[in-house]
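Chemist: Pasting the sequence and the predicted coordinates here, then a few questions.
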Amino acid sequence: MKHTGSTTTARSAPEPGTTDPADVRLRLRPGLTVLWRSPTRVQIGTDPRWAVTLTDLSPSAARALRSLPSGADLRALRAAFRREAVPPTESDLLVTHLRTARLLVPPPSTAPAPSAGLEPDVTAWSMLSEGGDGAAVLRRRRSAVVRVVGLGRTGVGLAGLLAAAGIGTVELDDDRPVTPSDLGVGGYTTRDLHRPRQVAAGRVLQEVAPLVRTRTPRHGRVDLVVLVEAGAADPVRSHPLVADRVAHLSVVLREASTLVGPLVHPGRSACLRCVDLHRADGDTGWPTVGAQLASGTGRSSEESVLASVAAATAGAQALAVVDGREASALGGSFEITLPEALPRRRPWSPHPRCGCTGLSDES
């Protein structure tokens, strides 16, 4: 028997016909698709990051694998082998291959599962998380607090995505009224016109995720603040976040493009003042232009596709922060331009004249 795809080194199989005690509670990663390639070849998984093809199988072993339901545990796997009269030596070797290919994982923790509607998210993160426990990822999100400042098309789309992805508390900060140009798919509707954006956004989020907690900003712990601004980021607005060592993500709306990032971990990465200083190094007029843009001079556009792509890009970065993963916007920004609307990353390093990375833990 051989497998191609992910590369691992198999440990020796247990004695034929026995069950390794360390494996007794293992299960196939939920969501894996088992595909028939030939009477003696079976593919498990479709994503090239983990998909494997098992070759030189007996036809009975191939049938047993094809009969497995999603997330089948080792007992079900052994039972399928017995049903198809797979020789014990082959079944043990198959289990070894699946284990060393990291397709067999421990059972999920016994804590309460996330709310209904998040099953697709649990399945996807069961594939991506080290231990195969996608529910643990969603439980972490349920305890998180993310604040979204600026609730036009992009901001409300981002807030709705975070709620749908399981974020427990989304703080909404924008008391400007909803206008016709704010209406869009998955966001505000005509019944929201002229209502304060944060009130209308609360309704949108409750319809997407009834258990999400929405509120206006208040003192207390917040895991991430997303600043959605028009024209240019305002370093004055982000300064208190740097001083309080609160992670924040900049989203800047421009005429026919949007910048997502940088993500700022105060003391660890370039801040928004660093970005301004770098721009001033390359354009002596930038301080004057940037100040005008940050004060509201000029025009920005939240075109439908651009707003959706920007919201999704910002959402992925925000969830990385909450999940404890390294976010690509840390030390960089994604520029999304029409008409392609494909994010392209630009790196940002701390500026030597800023001093933000010299913050001490007590500052």
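Modeler: It's in.
Chemist: If we ignore the residues flanking it in sequence, what's nearest residue 302?
Modeler: residue 153 (3.9 Å; C-beta to C-beta, 6 or more residues apart in numbering). From N, CA and C alone the C-beta is placed, and that goes for glycine too.
Chemist: State whether that neighbour and residue 187 are indeed in contact, as I suppose.
Modeler: Yes - judged on C-beta atoms under 8 Å, residue 153 makes contact with residue 187 at a distance of 6.0 Å.
Chemist: where does the stretch 201-350 of the chain have low pLDDT?
Modeler: Applying pLDDT under 70 to the stretch 201-350 of the chain flags the ranges 297-299.
Chemist: Residue 296: what secondary structure?
Modeler: Following DSSP: H, G, I helix; E, B strand; the rest coil, the label given to residue 296 is coil.
Chemist: Buried ones in stretch 199-206, by neighbour count?
Modeler: 199-202, 204-205 (16 or more other C-beta atoms under 10 Å).
Chemist: and if you look at stretch 123-136?
Modeler: In stretch 123-136, counting by 16+ other C-beta under 10 Å, buried: 123, 125-127, 129, 132-136.
Chemist: For residue 353, state which of the buried residues of stretch 199-206 is nearest.
Modeler: Nearest to residue 353 out of the buried residues of stretch 199-206 is residue 201 (C-beta to C-beta; 37.9 Å).
Chemist: Tell me which stretches of the stretch 51-200 of the chain form helices.
Modeler: 59-66, 74-83, 88-100, 119-128, 134-142, 153-164, 197-208 (DSSP state H, counting those that start in this stretch).
Chemist: Neighbours of the residue nearest to residue 302, how many?
Modeler: Residues lying near residue 153 (other C-beta atoms under 10 Å) number 26.
Chemist: Could you shift the numbering so residue one becomes 37, and keep it that way?
Modeler: Got it, the first residue is 37 from now on, which makes the last one we talked about residue 189.
Chemist: State the pLDDT value of it.
Modeler: For residue 189, the model assigns a pLDDT of 96.
Chemist: for the one 10 residues further on, same thing?
Modeler: pLDDT, the model's per-residue confidence, is 96 for residue 199.
Chemist: Residue 159 now?
Modeler: 84.
Chemist: same check, this time on residue 119
Modeler: pLDDT, residue 119: 94.
Chemist: list the contacts for the nearest residue to it once chain neighbours are set aside?
Modeler: Counting by C-beta to C-beta, 6+ apart, residue 119 lies nearest to residue 100, which is 6.9 Å off, once chain neighbours are set aside. Residue 100 is in contact with 113, 116-117, 119-120, 122, 127, counting by C-beta atoms under 8 Å, 6 or more residues apart in numbering.
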